[in-house]
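Chemist: here's a sequence, model it:
(one chain, ligands or ions: 1)
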Amino acid sequence: MPTDWDQRYLEADTPWDKGAAHPALVRWLAAHPGLMTGDVLVPGCGLGHDVQLIAVAEPTARVLGLDIAPVAITAATRRPNPANATFRHGDLFDPPADLPGRFSWVWEHTCFCAIDIDRRDDYVAAVAAALQPNGRLLGVFYLDPYRGDHRPGGGPPHGCTRDELATRFEAGGMFRLIDGRLPEVTYPEREGRELLVLMERTGRSSP
Ligand SMILES: C[S@@+](CC[C@H](N)C(=O)[O-])C[C@H]1O[C@@H](n2cnc3c(N)ncnc32)[C@H](O)[C@@H]1O
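Modeler: Have a look, this model is predicted:
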């Protein structure tokens, strides 16, 4: 059964929300000041911790959090946000008309693992469509949410492999993998279970 994300937020049944931005993003922004600039998209932003962090760390960036759950967007919007952080209710797979081609960066964090596995190619196409040519996708991707005790079809979260990421993102020619490694820091309980990936959007059109 598809996840009712709004209901999860209404019931505060949100174990993914750690109340703070992803530690790997904190570390990456500190190590690469002035790089994540321009328009930055955070799909599946939830309560917006990562959006806030990027907006504070990069004051010239315009950071947009997009989420399909109105309850999450309302809560994120009500928080004290920097002026360069905004939130929008919307579906990554059917985004507002002004979004495609606008972004120089996409930050991915537990959106890819939240969508149905059979929509992963749609995710690749949606992120490619959001980015400008040579735009970049930085993200943490869940490798093994269940420590080997995977429930096929039972997620989210749905894990993936390094090979799958390379195949899905690079096969269609829309992305070039620049780097993929275990993040040096993450939340407790996620050590060794994520991949920090940097990719560049090529000039190739989405199918
Ligand atoms: C596991 S939560 C992660 C939220 C946030 N990234 C975090 O780490 O706290 C997945 C999020 O993706 C959102 N989502 C799921 N499908 C989406 C879609 N098609 N478009 C936009 N957001 C979506 C959900 O509403 C939810 O907030």
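Chemist: ok now stretch 94-108, how far from the chain's centre?
Modeler: The chain centre lies 12 Å from the centre of stretch 94-108; the measure is Cα atoms, centre = their mean, to the nearest Å.
Chemist: an error on my part: the question was meant for stretch 190-198.
Modeler: 13 Å.
Chemist: any idea where the helices of this protein begin and end?
Modeler: Per DSSP state H, the chain carries helices over the ranges 5-10, 23-31, 49-57, 70-78, 120-130, 162-171.
Chemist: out of the ones you listed, which comes closest to residue 63?
Modeler: Ranking these by proximity to residue 63 (Cβ to Cβ) places helix 49-57 first, at 4.5 Å. Backbone N, C-alpha and C define where each C-beta goes, glycine included.
Chemist: what angle do the closest one and helix 23-31 make?
Modeler: 10 degrees (axes from the mean of the first three to the mean of the last three Cα atoms, to 10 degrees).
Chemist: list the buried residues for helix 49-57?
Modeler: Within helix 49-57, the residues scored as buried using 16 or more other Cβ atoms under 10 Å are 49-57.
Chemist: which elements pack onto it?
Modeler: The contact analysis (3 or more Cβ pairs under 8 Å, 6 or more residues apart in numbering; DSSP states H and E) places helix 49-57 against helix 23-31, strand 39-43, strand 62-67, strand 85-89, strand 103-109.
Chemist: so what's residue 20 up against?
Modeler: Residues in contact with residue 20 (Cβ atoms under 8 Å, 6 or more residues apart in numbering) are residue 49.
Chemist: what score does it have for pLDDT?
Modeler: Predicted confidence (pLDDT) for residue 20: 97.
Chemist: picking up where we left off before, can you put the helices of the chain in CSV and add mean pLDDT and distance to the ligand?
Modeler: Shown next, in CSV, are the helices of the chain (pLDDT from 0 to 100; distance: least, Cβ to the nearest ligand atom, whole Å):
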stretch, mean pLDDT, distance to the ligand
helix 5-10, 96, 3
helix 23-31, 98, 10
helix 49-57, 98, 6
helix 70-78, 98, 5
helix 120-130, 96, 8
helix 162-171, 92, 17
